[in-house]
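Asker: what's the 3D shape of this:
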Amino acid sequence: MHWAVLLGSAVLEAVWATALSQGAYVLFVIAATLSMVGLSVGMRRIPVGTAYAVWVGVGAALTVTWAMITGEEAVSAWKIVFLTGIIACVIGLKFLRSGVQRPPLVRGAGAVPELEPGPVGGAVAGGVETPS
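Answerer: Next up is the predicted model:
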């Protein structure tokens, strides 16, 4: 569900970008608002970097594709190759494991040194403690 909402918001990104370029400001505001809401919903379950890359990549690819279809932008084989590459990368991000394996930050994981119990704060000049 989160991926579907994210892709829908990416489509709306293309809508608002196109609306902005054509001066359709009411459509721009509506599409931009819904697009941001969709991005926010997607980020609840999809890591922020992945969600943002998908949102921007799909939105940009659709914006350029629409501009080529309507004749506002020239069509070239290289543009099609690179736009296909963007979409292929988005598909790749979808199928990567989204679970991040992080070491625990306590109990001897090595990520954070454990503190040993003992006296706190020594009365030394300048307030700096030195190990004894």
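
Asker: residue contacts, Phe28?
Answerer: Going by C-beta atoms under 8 Å, 6 or more residues apart in numbering, Phe28 touches Trp16, Ala19, Leu20. Just so you know, the C-beta spots here come from the backbone N, C-alpha and C atoms, and that holds for glycine as well.

Asker: which of those residues count as buried?
Answerer: Trp16, Ala19 (16 or more other C-beta atoms under 10 Å).

Asker: Where strands are concerned, which of the contacts of Phe28 count?
Answerer: Among the contacts of Phe28, no residue falls in strands (DSSP state E).

Asker: Save the contacts of Phe28 as CSV, and put in distance to Val54 and pLDDT too.
Answerer: Output for the contacts of Phe28, formatted as CSV (distance: C-beta to C-beta, whole Å; pLDDT from 0 to 100):
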residue, distance to Val54, pLDDT
Trp16, 17, 96
Ala19, 21, 96
Leu20, 21, 94
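
Asker: any weak-confidence spans in the protein?
Answerer: In the predicted model of the chain, residues 97-132 satisfy pLDDT under 70.

Asker: Longest helix of it, counting residues only.
Answerer: Criterion DSSP state H: the longest helix present in the chain is helix 48-69.
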